[in-house]
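Student: let me see the structure of the following:
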Amino acid sequence: MTGYPHDEMIGKNHRIMKSGRHDKDFYRALWHSLQTNGHWQSEIWDRKKNGELYVVNLTISAMRNQNGEIVNYLGLFSDITQAKLQHQKLEKLAHYDALTDLPNRILFSDRFNQALAHCKRDKTMLGVVYMDLDGFKQVNDNLGHDAGDQLLIEVAGRLKSCLREGDTVSRLGGDEFALLMSSIESRAHCEMALQRIHHAISEPYTIGGQSVKIGISSGVTLYPLDKSDPNFLLRHADQAMYRAKQQGTNRFEFFQANEH
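Tutor: Now for the predicted structure:
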């Protein structure tokens with residue numbers, strides 16, 4: 001399991017397997033538990049002789065003599081690396097879009113609630129944006145689904161590059177995306193951010209050796225000017241996006257109350 005032969009392990013300090021992934025506080029808590037409770041159990045990363053990292057489920061027990069003094073420690077551990085990696089993979093599949101690696105609807109919903117709580121606490125505005133690509137179907141039909149997938153991946157990358165700290169972009173499905181723009185100071189502030197995003201998306205792409213140009217239509221509503229719950233906020237942004245698409249390509253529109 002460790003990669004070390006028997007004779008290279010006996011008599012050595014366990015630090016030779018130290019992974020470097022745990023800080024001093026981790027080990028301080030470990031030894032405090034051993035000294036006060038006589039045992040410690042958790043997951044810990046170790047390093048094999050060849051440098052490979054792996055994670056084990058480790059239980060350490062203090063062995064005492066007749067006088068109650070600690071004379072040895074007994075550690076029992078099992079390699080759980082594959083189970084850990086599989087769990088992480090399942091966690092990612094549950095919360096991220098498999099194609100673009102953007103948050104999916106589930107994680108977006110969680111981030112949405114967090115963003116709303118942040119706005120209420122700090123008395124700032126939240127921009128809720130619904131986006132749909134212009135010209136994506138033509139790329140998909142003319143160049144094939146693989147080209148369409150590659151285009152979506154590149155669009156996702158450009159969207160992420162436009163984000164500020166605290167913003168979230170999600171792929172809702174197909175060529176539809178949603179964006180949460182936190183700490184918006186004014187409508188003009190939101191417009192400037194959207195102009196930057198639209199410019200980035202409309203720059204040419206090279207897909208399968210061919211130059212491709214698309215646009216994006218966006219609808220946005222601002223909370224708390226629009227005091228709806230998350231589902232209606234996204235729906236209002238979607239309605240504004242539909243109006244933007246009706247008026248041309250690569251446009252954005254703000255939700256208007258009379259669109260209810």
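
Student: any idea of the mean pLDDT in stretch 42-59?
Tutor: With pLDDT averaged residue by residue, stretch 42-59 scores 94.

Student: what residues does it touch?
Tutor: Stretch 42-59 is contacted by residues 1-4, 8, 17-22, 30, 39-41, 75-81, 84 when judged by C-beta atoms under 8 Å, 6 or more residues apart in numbering. C-beta here means a position set from N, CA and C on the backbone, and glycine is covered the same way.

Student: run the last query once more with 6 Å
Tutor: 2-4, 17, 19, 21, 41, 76-81, 84 (C-beta atoms under 6 Å, 6 or more residues apart in numbering).

Student: got it, and stretch 9-26?
Tutor: The contact list for stretch 9-26 (C-beta under 6 Å, 6+ apart) reads 45-47, 53.

Student: where does this protein dip in pLDDT?
Tutor: Within the chain, the segments meeting pLDDT under 70 span 258-260.

Student: which residue ranges of it form strands?
Tutor: Remark: strands assigned in the chain by DSSP state E are 39-47, 53-64, 70-79, 125-134, 168-173, 176-184, 205-207, 210-212, 215-223, 252-254.

Student: and residue 154, which of the ones you listed is closest to it?
Tutor: Among the strands of the chain, the nearest to residue 154 by C-beta to C-beta is strand 205-207 (5.5 Å).

Student: report the distance from that closest one to the chain centre.
Tutor: The chain centre lies 26 Å from the centre of strand 205-207; the measure is C-alpha atoms, centre = their mean, to the nearest Å.

Student: for that strand, buried residues please.
Tutor: Counting neighbours by 16 or more other C-beta atoms under 10 Å, one finds that the buried residues in strand 205-207 are 205, 207.

Student: quick one: residues in contact with that strand.
Tutor: Applying C-beta under 6 Å, 6+ apart, the contact partners of strand 205-207 are 147, 150-151, 154, 212.

Student: let's see that with 7 Å instead.
Tutor: By C-beta atoms under 7 Å, 6 or more residues apart in numbering, the residues outside strand 205-207 that reach it are 143, 147, 150-151, 154, 212.

Student: ok, and the most crowded of the residues you listed?
Tutor: Of all the contacts of strand 205-207, residue 151 has the most neighbours under the rule other C-beta atoms under 10 Å, reaching 22 neighbours.

Student: show me what contacts that one?
Tutor: Applying C-beta under 7 Å, 6+ apart, we find residue 151 in contact with 136, 139, 205, 207, 212.

Student: the last one contacts residue 136, correct?
Tutor: No - taking contacts as C-beta atoms under 7 Å, residue 212 lies outside contact range of residue 136: 9.8 Å.

Student: how about the residue positioned nearest the centre of the chain: what's its closest non-neighbour residue?
Tutor: Geometric centre of the chain, nearest residue: residue 103, 5.8 Å, by C-alpha atoms, centre = their mean. Among residues not flanking residue 103 along the chain, residue 170 sits closest, at 4.5 Å (C-beta to C-beta, 6 or more residues apart in numbering).

Student: any buried residues in stretch 14-28, and which?
Tutor: By 16+ other C-beta under 10 Å, the buried positions in stretch 14-28 come out as residue 17.

Student: ok, stretch 100-117 next?
Tutor: Within stretch 100-117, the residues scored as buried using 16+ other C-beta under 10 Å are 100, 102-105, 107-108, 111-112, 115-116.

Student: which of the residues you listed fall in helices?
Tutor: Counting by DSSP state H, those place 105, 107-108, 111-112, 115-116 in helices.
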